[in-house]
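**Q** Build me a model from this:
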Amino acid sequence: MSKIPYKALEKFVKIFQKEYKVDLSEVLKELKEIPKEIEVPASVFSRKLSSLETICKYLKENLGLSYHEIAELLNRNDRTIWITYRNASKKVKSKFVVKDTKLMIPVSVIANRKLSVLEAIVSYLRKLKLTYHKIAVILKRDQRNIWTVHSRAKKKWKNS
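**A** Coordinates of the predicted model:
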């Protein structure tokens with residue numbers, strides 16, 4: 001995460017307060033109410049679950065979202081989410097323990113239905129300039145599979 005230039009931020013706040021005659025506490029209150037992008041830590045991915053199973057299980061158990069909320073976020077059908085979560089919870093009974101939150105994957109990346117879930121995740125991680133090997137380690141998949149998935153995703157984008 002980059003460091004905030006506090007002098008510049010302080011100057012901005014003073015100008016904002018003077019221009020709009022608003023108290024800083026009111027601005028902070030409004031900022032807290034802005035919904036944040038929901039993200040999934042890359043550390044929760046495992047060999048036991050598919051990418052969608054991992055994401056559904058994390059959103060349901062760790063963030064406490066309903067099936068409908070997850071379906072809305074992922075641009076999927078409620079029944080698909082329910083079945084995917086049920087399958088995931090049979091494979092892995094315990095709740096995810098999040099160890100590392102350095103690399104987070106925005107849920108909005110997965111909502112694009114032009115790509116499969118894994119294709120969307122790999123494409124996102126490639127945009128972050130990660131190597132195929134690093135992505136494979138993060139997602140606990142084979143490096144050659146990651147290359148193939150990314151290749152398919154590029155072809156889909158090219159043809160659309």
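**Q** Mind giving me the packing neighbours of whichever strand or helix holds K11?
**A** K11 belongs to helix 6-20 when assigned by DSSP states H and E. Judged by 3 or more CB pairs under 8 Å, 6 or more residues apart in numbering; DSSP states H and E, the packing partners of helix 6-20 are helix 24-33. C-beta here means a position set from N, CA and C on the backbone, and glycine is covered the same way.
**Q** what does the helix or strand hosting R86 rub up against?
**A** Using DSSP H and E, R86 maps to helix 78-91. Helix 78-91 has contacts (CB atoms under 8 Å, 6 or more residues apart in numbering) with 48-50, 52-54, 56-57, 60, 67-68, 70-71, 74.
**Q** Give me the buried positions along that helix.
**A** Of the residues in helix 78-91, those buried by neighbour count under the rule 16 or more other CB atoms under 10 Å are I81, W82, T84, Y85, A88, S89.
**Q** burial count for the nearest residue to the third one once chain neighbours are set aside?
**A** Put plainly, it is T84. Sequence neighbours aside, C56 is the residue nearest to T84 in space, at 4.7 Å (criterion: CB to CB, 6 or more residues apart in numbering). As a burial measure, C56 scores 29 neighbours (other CB atoms under 10 Å).
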